[in-house]
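In: Build me a model:
(2 chains)
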2 protein chains.
Amino acid sequence: MIVRSLQEARKTDRRVVSEGWESTRLLLKNDNMGFSFHITTIYEGAELHLHYQNHLESVYCVSGEGEVENLDDGVVYPIRPGTIYILDKNDKHILRAKTEMEMACVFNPPLHGKEVHNADGAYELDGEEVSDK
Amino acid sequence: MIVRSLQEARKTDRRVVSEGWESTRLLLKNDNMGFSFHITTIYEGAELHLHYQNHLESVYCVSGEGEVENLDDGVVYPIRPGTIYILDKNDKHILRAKTEMEMACVFNPPLHGKEVHNADGAYELDGEEVSDK
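Out: A predicted model of the protein is given here:
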């Protein structure tokens, strides 16, 4: 059994800060669970263009409000606490935060922890591993 | 892209109620993501003896307080908002809720959605699928 806390993990390199968002990766590839689990904060007013070509992802809204637009069909879905959106087709999408949003994200395959978005809004499959400290 | 909400899913057979807990399965095996994702409520005062012999599971505490005891080594870990415990060794454990706890749970392999705990506190690997309603 492994036990971690968001509060402690935020003090380590598990926390990645980028433009409009930050993410703390609580469970990564080297935990050998077959998925990774992150708590991601989308800052108020952010608009993120994303396309995870190499990963399936589900995103559950813990708090905050916003919307996600599916660029494949133009449909816009509101996001509130309790909403989950599931990118089962590597869907190209735009995520907009009306207020700061806290999201619980699951990736398959799991992230190593050092990925950053490339020009396409995707994560590459390669990346360095993050140690537990 | 699939979008669901906890509030709507709770009105369907995605919500499973058992002794001391209930769980709403927002993402299941038939979504083909390689994992399943559930929002599980542990009722105040509940003590659950669990042993997922067939599944790896991570459990993230969204709200509430309690503890998890690893029966392999007797260590007891407090659970608060932001705590994640990761059952990477199919760990036999006891989950205790001091207050009602809301947990975001990920299973690999994914649940079908109809599993109930057997006498060992495990889920069997077979089970019926849940439709999207």
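In: So what pairs up with the residue positioned nearest the centre of chain A in the strands?
Out: Closest to where the C-alpha atoms of chain A average out (Cα atoms, centre = their mean) is residue A:105, at 4.9 Å. When bridges are called by DSSP bridges, residue A:105 pairs up with residue A:38, residue A:59.
In: Paired strands for the helix or strand residue A:69 falls within, with orientation please.
Out: For residue A:69, the host element (DSSP states H and E) is strand A:66-70. Note on strand A:66-70: by DSSP bridges, its sheet partners are strand A:76-79 (antiparallel), strand A:93-97 (antiparallel).
In: deepest of those, which one?
Out: Counting by mean count of other Cβ atoms under 10 Å in any protein chain shown, strand A:93-97 has the highest mean neighbour count of the strands paired with strand A:66-70, with a mean of 20. Yep, even glycine has a C-beta here, placed from its N, CA and C like the rest.
In: sorry, back to before: ok, the residue nearest to the centre of chain A to chain B distance?
Out: Applying Cβ to the nearest Cβ, to the nearest Å, the value for residue A:105 to chain B is 10 Å.
In: got it, and residue A:121?
Out: 15 Å.
In: Could you do residue A:94 as well?
Out: Going from residue A:94 to chain B by Cβ to the nearest Cβ gives 12 Å.
In: do residue A:2 as well
Out: Taken as Cβ to the nearest Cβ, the span from residue A:2 to chain B is 4 Å.
In: what do you get for residue A:42?
Out: Separation of residue A:42 from chain B (Cβ to the nearest Cβ): 16 Å.
In: circling back to that earlier point, same list, the strands paired with strand A:66-70, but as JSON lines with mean pLDDT please.
Out: Below are the strands paired with strand A:66-70 laid out as JSON lines (pLDDT from 0 to 100):
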{"stretch": "strand A:76-79", "mean pLDDT": "98"}
{"stretch": "strand A:93-97", "mean pLDDT": "97"}
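In: Distance to residue B:11 added to the ones you listed, as a markdown table?
Out: Shown next, in a markdown table, are the strands paired with strand A:66-70 (distance: least, Cβ to Cβ, whole Å):
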| stretch | distance to residue B:11 |
| --- | --- |
| strand A:76-79 | 18 |
| strand A:93-97 | 27 |
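In: Give me the phi and psi angles of residue A:8.
Out: Note on residue A:8: backbone dihedrals following degrees, to the nearest 10 are phi -70, psi -40.
In: pLDDT value on it, please?
Out: You'll see residue A:8 listed with a pLDDT of 98.
In: One more: residue A:58?
Out: Here, the pLDDT recorded for residue A:58 equals 98.
In: Check residue A:14 too.
Out: pLDDT for residue A:14: 95.
In: before we move on, the earlier item: and the strand holding residue A:69, C-alpha only, in CSV?
Out: The C-alpha trace of strand A:66-70 is given here as CSV (Å, rounded to 0.1, in the frame of the first residue of the first chain):
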residue,chain,number,x,y,z
GLY,A,66,-16.4,25.8,-16.8
GLU,A,67,-17.0,24.0,-20.1
VAL,A,68,-15.4,21.6,-22.5
GLU,A,69,-15.8,21.9,-26.3
ASN,A,70,-15.5,18.8,-28.4
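In: what is the mean pLDDT for that strand?
Out: For strand A:66-70, the per-residue pLDDT averages 98.
In: show me where pLDDT drops low in chain A?
Out: Scanning chain A for pLDDT under 70 picks out A:116-117, A:119, A:126-133.
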